[in-house]
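*Asks:* task: produce atomic coordinates for the following.
(chains A, B, C and D)
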There are 2 protein chains.
Amino acid sequence: MAVTLLDDYGIADLTMRRLARELGLTPGALYWHFADKQALLGAVADRILATTTSATAPAPWADRVHAICTGLRDALLSTTDGAELVSASFAAGKSEQMAAILDRLTGAAAEAGIDATHAGLAARSVLYYVLGFTADEQSRLQWDAAGALADGQSVMTTDPNGRFIFGLRLLVDGMSAQAAASRDHRGDPGVTVPAP
Amino acid sequence: MAVTLLDDYGIADLTMRRLARELGLTPGALYWHFADKQALLGAVADRILATTTSATAPAPWADRVHAICTGLRDALLSTTDGAELVSASFAAGKSEQMAAILDRLTGAAAEAGIDATHAGLAARSVLYYVLGFTADEQSRLQWDAAGALADGQSVMTTDPNGRFIFGLRLLVDGMSAQAAASRDHRGDPGVTVPAP
DNA sequence: ACCTGAACACCGTTCAAGT
DNA sequence: ACCTGAACACCGTTCAAGT
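*Replies:* Numbering: from 1, shown residues only, chains lettered A, B, ... in the order given. Model prediction:
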């Protein structure tokens, strides 16, 4: 299975030739099952995310965003280089699971009160954050586990859960503010919460 | 020059061997100048961003964030696959220019009123957004220029500037809200702007 | 339907040796 | 100081041919 190979050796060693060898096949054999490497990686990404795609519980939108993003991060962290792989597959538009998650986040954004034109973008912004944060976190974790990183390493490694939800709240607060702005004077959502 | 090669053929063709050939050198020669390919790419990334690193004008923090991010996006869009390249170099910690931009954004976040522990994360979140958005935008632009994409393509390609600043405002609003929260009852920044 | 064999056109990196 | 020659250990992809 490709996922085991990924988990054991990382994304750099997840090559078509190596996977074929592990499966007792010839490299060319994989091209009967997948169009190219991108398609294969997309399938692996969707496998990693398979656990995440649970039901959309009928909760307030902010709670739903929180639940979706926490679940996504957990799934990414559960496998070696998971964040990097899913990030790449999402960027290439090769993950159906990520498309589904994007839809669910778009729904939450719309329910928050963001107009249809921008709800999708708000949802994407949330995903950029989750993928960026988790890829960062994971690379540090793995670098760390591999021996380096002297001691406490101070910031950026302590309390990753707290840091993650802080950043997530930044987006959620922004969505609230934006929704409020477009409610007040509709047609002109161009007003920012004023700086102190 | 590596940047010209990148601009003409894209990141996939920016290989050590190809670059060496273009320079009239042997592949091994590049390893006298750079430790490895990552270092070379980091240098190219910093070249692309060289124009951006202008002075930090003494403006309100939100305006500074806006200026920094707009300048960054312009620089990324100015070269083929610029966003993807810089994104990778930033993730690998190989771009000094991105480190400098991160510092400037951290300063802005601190000035917004976000405590020192979280200002860096807020700055990172902004960068995740700018890099994610622009990489998306650029891949669509290039796919488009390469012939595909039937017609108007509806959402996600129309008014990219407006969409970009909308998403950016999400983050800026979130920073304002978070700063306000930590001002009200310090020690507990865990309160969200309530949903409608 | 599913796979092999064999080829095509490449990669990044190292390192003795040259000038 | 800067570069070549030559090798090492790989890549992704295609495609006739086999079963």
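*Asks:* contacts, neighbours, all on C-alpha from now
*Replies:* Noted.
*Asks:* centroid-nearest residue for chain A?
*Replies:* A:Leu131 (3.9 Å; C-alpha atoms, centre = their mean).
*Asks:* against B:Ala75, how distant is that one?
*Replies:* Applying C-alpha to C-alpha, to the nearest Å, one obtains 23 Å for the distance of A:Leu131 from B:Ala75.
*Asks:* and the longest helix along chain A, what does it pack onto?
*Replies:* Determined from DSSP state H, the single longest helix within chain A is helix A:116-145. Contact partners of helix A:116-145 among helices and strands, from 3 or more C-alpha pairs under 8 Å, 6 or more residues apart in numbering or on different chains; DSSP states H and E: helix A:61-77, helix A:82-91, helix A:96-112, helix A:160-184, helix B:116-145, helix B:160-184.
*Asks:* do the second one and DNA strand D meet?
*Replies:* Right, the one you point to is helix A:82-91. No. Residues of helix A:82-91 are not located near DNA strand D by C-alpha under 7 Å from any atom of the strand, the shortest gap being 13.3 Å.
*Asks:* so does that helix get close to chain B?
*Replies:* Yes. Using C-alpha under 8 Å from any C-alpha of the partner chain, helix A:82-91 comes into contact with chain B via A:Ala91.
*Asks:* around DNA strand C, pick out the residues from chain A.
*Replies:* Within chain A, the positions near DNA strand C by C-alpha under 7 Å from any atom of the strand are A:Gly24, A:Leu25, A:Thr26, A:Pro27, A:Gly28, A:Ala29, A:Trp32, A:His33.
*Asks:* export those to CSV and append columns for secondary structure.
*Replies:* Converted to CSV, the residues of chain A next to DNA strand C look like this (DSSP: H, G, I helix; E, B strand; the rest coil):
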residue, secondary structure
A:Gly24, coil
A:Leu25, coil
A:Thr26, coil
A:Pro27, helix
A:Gly28, helix
A:Ala29, helix
A:Trp32, helix
A:His33, helix
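*Asks:* give me the buried subset of those.
*Replies:* By neighbour count, with 16 or more other C-alpha atoms under 10 Å in any protein chain shown, those hold no buried member.
*Asks:* kindly reformat the helices and strands packed on helix A:116-145 as JSON lines containing mean pLDDT and distance to B:Ala92.
*Replies:* JSON lines is the format used below for those (pLDDT from 0 to 100; distance: least, C-alpha to C-alpha, whole Å):
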{"stretch": "helix A:61-77", "mean pLDDT": "98", "distance to B:Ala92": "18"}
{"stretch": "helix A:82-91", "mean pLDDT": "98", "distance to B:Ala92": "12"}
{"stretch": "helix A:96-112", "mean pLDDT": "97", "distance to B:Ala92": "24"}
{"stretch": "helix A:160-184", "mean pLDDT": "92", "distance to B:Ala92": "19"}
{"stretch": "helix B:116-145", "mean pLDDT": "96", "distance to B:Ala92": "14"}
{"stretch": "helix B:160-184", "mean pLDDT": "92", "distance to B:Ala92": "24"}
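*Asks:* and those helices as CSV, adding distance to A:Ala50?
*Replies:* Converted to CSV, those look like this (distance: least, C-alpha to C-alpha, whole Å):
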stretch, distance to A:Ala50
helix A:61-77, 9
helix A:82-91, 12
helix A:96-112, 7
helix A:160-184, 22
helix B:116-145, 23
helix B:160-184, 29
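*Asks:* of those helices, which is nearest B:Ala12?
*Replies:* Within the helices and strands packed on helix A:116-145, the stretch nearest B:Ala12 is helix B:116-145; the backing value is 13.2 Å (C-alpha to C-alpha).
*Asks:* the closest one to helix B:82-91, inter-axis angle?
*Replies:* With axes from the mean of the first three to the mean of the last three C-alpha atoms, to 10 degrees as the basis, helix B:116-145 and helix B:82-91 are set at 150 degrees to each other.
*Asks:* what's the local residue count around A:Asp74?
*Replies:* A:Asp74 has 16 neighbouring residues, counting by other C-alpha atoms under 10 Å in any protein chain shown.
*Asks:* correction: A:Thr158
*Replies:* Applying other C-alpha under 10 Å, we find 11 other residues in the vicinity of A:Thr158.
*Asks:* and chain A, which residues reach DNA strand D?
*Replies:* Counting by C-alpha under 7 Å from any atom of the strand, chain A sits next to DNA strand D at A:13-18, A:27-29, A:31, A:35-38.
*Asks:* among those, which are in helices?
*Replies:* Counting by DSSP H, the part of these found in helices is A:Met16, A:Arg17, A:Arg18, A:Tyr31, A:Lys37, A:Gln38.
*Asks:* neighbour-wise, give me the winner out of these.
*Replies:* A:Met16 (19 neighbours).
*Asks:* what about A:Leu6, which SS state?
*Replies:* Here A:Leu6 is helix, with the state taken from three-state DSSP.
*Asks:* what's the burial count for it?
*Replies:* Per other C-alpha under 10 Å, the neighbour tally for A:Leu6 reads 21.
*Asks:* ok, now A:Thr79?
*Replies:* For A:Thr79, the count of nearby residues is 18 (other C-alpha under 10 Å).
*Asks:* which helix or strand contains A:Thr80?
*Replies:* Per DSSP states H and E, A:Thr80 falls between elements, in no helix or strand.
*Asks:* isn't it up against A:Ala12?
*Replies:* No. In this structure, A:Thr80 is not within contact of A:Ala12 by C-alpha atoms under 8 Å, at 10.7 Å.
*Asks:* neighbour count for those two, which is higher?
*Replies:* Taking neighbours as other C-alpha under 10 Å, A:Thr80 and A:Ala12 compare with A:Thr80 leading, 21 against 8.
*Asks:* show me what contacts the more buried one?
*Replies:* Listed by C-alpha atoms under 8 Å, 6 or more residues apart in numbering or on different chains, the contact set of A:Thr80 reads A:Leu6, A:Asp7, A:Asp8, A:Tyr9, A:Gly10, A:Ile11.
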